[in-house]
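# Build the 3D model from these lines:
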Amino acid sequence: MKRKEVDTLRAKEVKELEKTAVEKKRELLKAKVDMSVAKEKNLKKVKNLKHEIAQILTIIKEKTFTVNEDGQDEAKKAKKEVK
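Here you go, the predicted structure:
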């Protein structure tokens, strides 16, 4: 995946990224079937799809981690203010 494509993925919301990951997983399944039947000519397609899925899942993890981290900090501040 090119750098610009990764940057556009980083700009998307988590739900959109999850939908994209599901679509890529479907593509991967179809590519595997096509490879076994010898329809697919591009032998690196499966490898590239796996790599793209991994990148998308990594971005999702990064986004959820930063959201949770910010939320925990706010919760700790609220507890300190109550005491």
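# Okay, buried residues for stretch 54-67 please.
55-56, 59-60 (16 or more other CB atoms under 10 Å). Where you see a C-beta, it was placed from the backbone N, CA and C, and this is true even at glycine.
# Helices - which of those residues land there?
Judged by DSSP state H, the subset of the buried residues of stretch 54-67 located in helices is 55-56, 59-60.
# Look up how far residue 49 lies from residue 29.
Applying CB to CB, to the nearest Å, the value for residue 29 to residue 49 is 9 Å.
# again, but for residue 27
In this view, residue 27 and residue 49 are 6 Å apart by CB to CB.
# Neighbour count: those two, which is higher?
Between residue 27 and residue 49, counted using other CB atoms under 10 Å, residue 49 has the larger neighbour count: 19 against 15.
# for that one, what are its contacts?
24, 27-28, 31 (CB atoms under 8 Å, 6 or more residues apart in numbering).
# Going by secondary structure, it is in what exactly?
Applying DSSP states H and E as the criterion places residue 49 in helix 45-82.
# nearest spatial neighbour of the residue nearest the centre of the chain, skipping sequence neighbours?
The centre of the chain sits closest to residue 56, judged by CA atoms, centre = their mean, with a distance of 2.0 Å. Distances taken as CB to CB, 6 or more residues apart in numbering place residue 21 nearest to residue 56, at 4.7 Å, with adjacent residues excluded.
# Now do that neighbour: how many residues are near it, please.
Neighbour count for residue 21, taken as other CB under 10 Å: 18.
# cool, residue 8 as well?
Counted with other CB under 10 Å, residues neighbouring residue 8 total 11.
# That one is in what secondary structure piece?
Per DSSP H and E, residue 8 falls inside helix 3-11.
# Give me the buried subset of the contacts of residue 49.
Here, 16+ other CB under 10 Å leaves 24, 28, 31 buried among the contacts of residue 49.
# from memory the second one sits against residue 51, does it?
No. Taking CB atoms under 8 Å as the contact criterion, residue 28 and residue 51 are not neighbours in contact, 10.5 Å apart.
# quick revisit: I'd like to know which elements the helix holding residue 8 is packed against.
Using 3 or more CB pairs under 8 Å, 6 or more residues apart in numbering; DSSP states H and E as the contact test, the elements touching helix 3-11 are helix 45-82.
# Right, I'll call it a day here.
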